[in-house]
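Participant: task: produce atomic coordinates for the following.
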Amino acid sequence: MLKKLFAITILSSTLAIVGCQSTPSTSANMTATNLTLLQNTTWVATKIGKSTIVYNNDAPNRASLQFDEATHRVTGTDGCNRLTGAYKAGKDTLELEQIASTRMACMNNDNLDQQFNEALAKVTHYQVFNRTLKLLDRHGNPVLEFESVIQPR
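Facilitator: Numbers count the residues shown, from 1 in each chain. Take a look at the predicted model:
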């Protein structure tokens, strides 16, 4: 009787270990999918907080970001100045580090550059749905919203 109980325990343990090893991690898959959607895309800002950004047709720069998977660098523009820095991203977390920008005189942009940079400083999380990227603060409130740009071939 004791031998049967021992054999069943060993068999159950073995099956549990093998089963756990062969089950793919949905968390790891979700992280990879979110990172793939976030990275290597040009994102053009469409909202700051709840306010929609309206660009003039002749505007030379549109606020935008690109997250480079290979270098873990973020680059872009705040609508006037170019910016660059490092980033760390997880399944839904986003940490922007050492953001530096040029300091050009930004005329006639309704303080878009200042508002964009203030919102960017609050970012701790992100969400990607289809062609929309939302950058969120620590409370889950959207601070910036972007649409992906389809690159010409």
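Participant: just the helices in this structure please.
Facilitator: 2-22, 26-38, 112-120 (DSSP state H).
Participant: worst mean pLDDT among the ones you listed?
Facilitator: Among the helices of the chain, helix 2-22 carries the lowest mean pLDDT, a mean of 57.
Participant: tell me where the model's unsure across this protein.
Facilitator: Within the chain, the stretches with pLDDT under 70 are 1-28, 30, 58-60, 151-153.
Participant: at 90 what do you get?
Facilitator: 1-36, 40, 54-61, 103-112, 130, 149-153 (pLDDT under 90).
Participant: mind listing what A89 touches?
Facilitator: N34, L35, L38, Q39, F67, E95, Y126 (C-beta atoms under 8 Å, 6 or more residues apart in numbering). In short, each C-beta sits where N, CA and C put it, glycine included.
Participant: could you dump stretch 84-92 to CSV, C-alpha only?
Facilitator: Output of stretch 84-92 as CSV, limited to C-alpha atoms (Å, rounded to 0.1, in the frame of the first residue of the first chain):
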residue,chain,number,x,y,z
THR,A,84,16.2,61.7,-27.4
GLY,A,85,16.6,59.4,-24.4
ALA,A,86,16.5,55.8,-23.2
TYR,A,87,13.6,53.7,-22.2
LYS,A,88,12.7,50.5,-20.4
ALA,A,89,9.4,48.8,-21.3
GLY,A,90,7.6,45.8,-19.9
LYS,A,91,4.2,44.3,-20.5
ASP,A,92,2.5,47.6,-19.8
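Participant: circling back: are any of the contacts of A89 buried, and which?
Facilitator: The neighbour count (16 or more other C-beta atoms under 10 Å) marks N34, L35, L38, Q39, F67, Y126 as buried among the contacts of A89.
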